[in-house]
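**Student:** only the shape, not the letters, is given here:
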């Protein structure tokens, strides 16, 4: 499942979703061998369908 920030940029993939969603952890698409992850709280999520749409912008250069 792709994660898309508020600017429409695909920033990663959902690592795993189980049960009640309080947080999600995404694998960030920073580069070919990136293993960076970011955990987001439910309030930062706009919508979950086939993709997860965020209400925030994620800067992959950090």
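**Tutor:** In hand now; what should we look at? Being a predicted model, the structure only gives us computed values, none of them experimental.
**Student:** distance between stretch 54-62 and the chain's centre?
**Tutor:** 9 Å (CA atoms, centre = their mean, to the nearest Å).
**Student:** can you mark which positions in stretch 23-42 are buried?
**Tutor:** 24, 26-29, 38, 40 (16 or more other CB atoms under 10 Å). (Glycine included, C-beta is placed from N, CA and C.)
**Student:** which residues in this protein form helices?
**Tutor:** Counting by DSSP state H, the chain forms no helices at all.
**Student:** spatially central residue for it, please.
**Tutor:** residue 3 (4.1 Å; CA atoms, centre = their mean).
**Student:** quick one, grab the pLDDT at that residue.
**Tutor:** On the pLDDT scale, residue 3 is placed at 87.
**Student:** could you do the one 4 residues further on as well?
**Tutor:** Here, the pLDDT recorded for residue 7 equals 90.
**Student:** number of nearby residues for the nearest residue to it once chain neighbours are set aside?
**Tutor:** Nearest residue to residue 7 in three dimensions, chain neighbours excluded: residue 57, at 5.3 Å (CB to CB, 6 or more residues apart in numbering). Per other CB atoms under 10 Å, the neighbour tally for residue 57 reads 11.
**Student:** quick one: low-confidence ranges for the protein?
**Tutor:** 15-18, 30-34, 62 (pLDDT under 70).
**Student:** in it, which spans are strands?
**Tutor:** 2-4, 10-16, 23-28, 37-41, 45-48, 51-54 (DSSP state E).
**Student:** what about stretch 52-62, distance to the chain center?
**Tutor:** For stretch 52-62, the distance to the chain centre is 7 Å (CA atoms, centre = their mean).
**Student:** one step back: turn the strands of the chain into JSON lines, including distance to residue 61.
**Tutor:** JSON lines is the format used below for the strands of the chain (distance: least, CB to CB, whole Å):
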{"stretch": "strand 2-4", "distance to residue 61": "17"}
{"stretch": "strand 10-16", "distance to residue 61": "11"}
{"stretch": "strand 23-28", "distance to residue 61": "11"}
{"stretch": "strand 37-41", "distance to residue 61": "13"}
{"stretch": "strand 45-48", "distance to residue 61": "22"}
{"stretch": "strand 51-54", "distance to residue 61": "17"}
